[in-house]
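Novice: missing the sequence, but the structure's below:
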């Protein structure tokens, strides 16, 4: 790849190719869209860019030491490939990265490692395992200045000064182009079961989930599906670990919450399907014209926020993270950002991100929750230091770029 023959779509094969492309873009002050397979292209604000830097050609696991619980791969490596390799060794990315491609109208299993790190999404095990930011060990990247840098390494305690690997995680490709990523991997639980209670109101479910998560039953995930389409409400609690321990804790949990009715116990295969569907927001896959919001809030306030919005417009929703994550579909086809964010701000706070909407709606709506003044200023300075000319995904996360 040479800088005198740059096409509109750039397909680097090596870190040197990425460096050349970014140096050219920075020198000419030409904006570029950074993508892996493009499965999350319909998230964030639409961009006007002259070129696309597409990293799917930079793929492959370059280091995997199962006994050391560490893996390094190129940024364009499909997550499906990583999941398959880890499964052979009974290991996993424990924070359960979501596959939101189908929610946005794309095929399943197309997301990449770089896309996962840039968005920092986590699945139902978030309360126990954290997010991608908590599991990243190191990166190699090219900043918007056209400078190569590395951060972190292959072990957890290998950071001095600023941990830039965590700083770029969740930046939506606006700070740097990741080329190589090192992640901590962990053993997969021997088995799991899901304890479910039917017919609980959102408020009662919130109380039940709080009781479960505060108990010594070591519940790893808690979610609530309100009644919808003739299906009863279901409150779901996941217990993972060794077979004997899981059996004991499930029985104890059912007794602890017996006031809410008889518990239905799902076996390991059914349980894994339940949580995979919640992780990937399967209830809202289909009609991509209906906006979908992702609301993060205090767990005890989740059902209050949803009720405030439901009082004003027609919605469908479900709760993950003990009620601290609301996935909400607006049934009238309008994002209604003021209503959503007003309900969040007046009921305990949090942030609401517009995950799915038309390009026109994303252009007219602040996709990400507006930051308080001091934090917004800090974010601007961070971007200015990494990408002073605004050539990497400009405007993706804000009007300012």
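Specialist: Done, it's in. Since the model is a prediction, treat every value here as computed from it, not as a measurement.
Novice: from here on, contacts and neighbour counts on C-alpha atoms
Specialist: Noted.
Novice: count of neighbours near the residue lying closest to residue 349 once chain neighbours are set aside?
Specialist: Once flanking residues are discounted, residue 349 sits nearest to residue 297: 6.3 Å by C-alpha to C-alpha, 6 or more residues apart in numbering. By the criterion of other C-alpha atoms under 10 Å, residue 297 has 22 neighbours.
Novice: Wait, residue 297 touches residue 348, no?
Specialist: Yes: Residue 297 lies in contact with residue 348 (C-alpha atoms under 8 Å); the separation is 7.3 Å.
Novice: Show the contacting residues for residue 316.
Specialist: Neighbour list for residue 316: 228, 328-331 [criterion: C-alpha atoms under 8 Å, 6 or more residues apart in numbering].
Novice: how would you label residue 237: helix, strand or coil?
Specialist: Classification of residue 237 using DSSP: H, G, I helix; E, B strand; the rest coil returns strand.
Novice: Let me see the contact set for it.
Specialist: 194-196, 209, 212, 219-223.
Novice: go again using 6 Å as the cut-off
Specialist: By C-alpha atoms under 6 Å, 6 or more residues apart in numbering, the residues touching residue 237 are 194-195, 221-222.
Novice: Which two among these are spaced furthest apart?
Specialist: Spatially, the most separated pair among the contacts of residue 237 is 195 and 221, at 10.5 Å (C-alpha to C-alpha).
Novice: still on that earlier bit, who does the residue nearest to residue 349 form a beta bridge with?
Specialist: residue 350 (DSSP bridges).
Novice: I figured it hits residue 324, correct?
Specialist: Yes: at 4.9 Å, residue 297 counts as touching residue 324 under the criterion of C-alpha atoms under 6 Å.
Novice: before we move on, the earlier item: which of the contacts of residue 237 lies at the shortest distance from residue 33?
Specialist: Closest to residue 33, out of all of those and judged by C-alpha to C-alpha, is residue 221, at 35.4 Å.
Novice: Now that closest one: which helix or strand?
Specialist: strand 219-225 (DSSP states H and E).
Novice: who are the neighbours of that strand, in terms of helices and strands?
Specialist: Other elements packing on strand 219-225 under the criterion 3 or more C-alpha pairs under 6 Å, 6 or more residues apart in numbering; DSSP states H and E are strand 234-241, strand 315-320.
Novice: Of those, which is nearest residue 99?
Specialist: Nearest of these (C-alpha to C-alpha): strand 315-320, 15.7 Å.
Novice: quick one: that closest one to strand 219-225, angle?
Specialist: 170 degrees (axes from the mean of the first three to the mean of the last three C-alpha atoms, to 10 degrees).
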